[in-house]
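Undergrad: quick one, what's the 3D model for this:
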Amino acid sequence: MHPLPFSAVGFDLDGTLVDSLPDLGIALQHGLAVAGRPPVAESEFANLIGGGARVMLERALVLSGGPLLADEFEAAHAALVDHYAAHIADNTVPYDGCLPALDILAEAGVSLAVVTNKAERLARLLLDRLGMTTRFAAIVGGDTLGAGRAKPRPDMIHHAHGLCGGAGRFAMVGDTTFDTGAARNAGVPSVVVSFGYNDRPAAELGADAVIDHYDQLIPALRQL
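TA: Predicted coordinates:
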């Protein structure tokens, strides 16, 4: 069997490792209701995810009447996050084939990282609830490095690679332009999952490979 050419692989969380759309959508609707805004259509949820809770709310507000005043926005955002934290894994599950693929990578000696624009506290809470935390050598959230350093900037990938030992090659697996942009800016290859919350058609996200199921991940990584 051809060995894997990477010492570490990073994964986006929402829409890549796990299908969290139902729980995120419910929390978003709660935040909008607190702001006195109508709900957004469920068909729009996937298009709003990728930049973290603040960006998700900002995008939803555009669809429901426009921006809020700063204090109103902060109140709605706090309500969204509090509701989400309380119900973070009510309906969220790993994608089919995800856990076996992670097992194969771990057995091959590949270090695993989560590189998500979700706040680190929420990312860790979700992974804890799903029993997945111990699989990862690094969990880097959108606020881990401070303001202005989230994806698509390369900083989070460089940090995750360092936490994974810093040696060898790193690959990024994600579902949006935040992920492929961060990989490109960091100078590492990327794989896109077509079943995630793609903000453009998967083939147009600029990844080095596109997979339609986690069964295809290991072969895709071997070919990069």
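Undergrad: ok, residue 186 - contacts?
TA: 154, 157-158, 170, 172 (C-beta atoms under 8 Å, 6 or more residues apart in numbering). Any C-beta I mention is one placed from the backbone N, CA and C, and that applies to glycine too.
Undergrad: got a list of contacts for the lowest-mean-pLDDT helix or strand in the chain?
TA: Within the chain, no helix or strand scores below helix 45-48, which has a mean of 88 by mean pLDDT, DSSP states H and E. Applying C-beta under 8 Å, 6+ apart, the contact partners of helix 45-48 are 15, 21, 24-25, 28, 40, 56, 59-60, 197-199.
Undergrad: just give me how far it sits from the chain centre.
TA: Distance of helix 45-48 from the chain centroid (C-alpha atoms, centre = their mean, to the nearest Å) equals 13 Å.
Undergrad: which parts of the helix or strand following it are buried?
TA: Downstream of helix 45-48, the first helix or strand assigned by DSSP states H and E is helix 53-63. Under the neighbour-count criterion of 16 or more other C-beta atoms under 10 Å, helix 53-63 has 53-61, 63 buried.
Undergrad: pLDDT and distance to residue 94 added to these, as CSV?
TA: Below are these laid out as CSV (pLDDT from 0 to 100; distance: C-beta to C-beta, whole Å):
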residue, pLDDT, distance to residue 94
53, 91, 21
54, 93, 25
55, 92, 24
56, 94, 21
57, 97, 25
58, 96, 28
59, 94, 25
60, 97, 26
61, 97, 30
63, 94, 29
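Undergrad: which one of these is nearest to residue 32?
TA: Using C-beta to C-beta, residue 60 is the member of the buried residues of helix 53-63 that lies nearest residue 32, at 6.1 Å.
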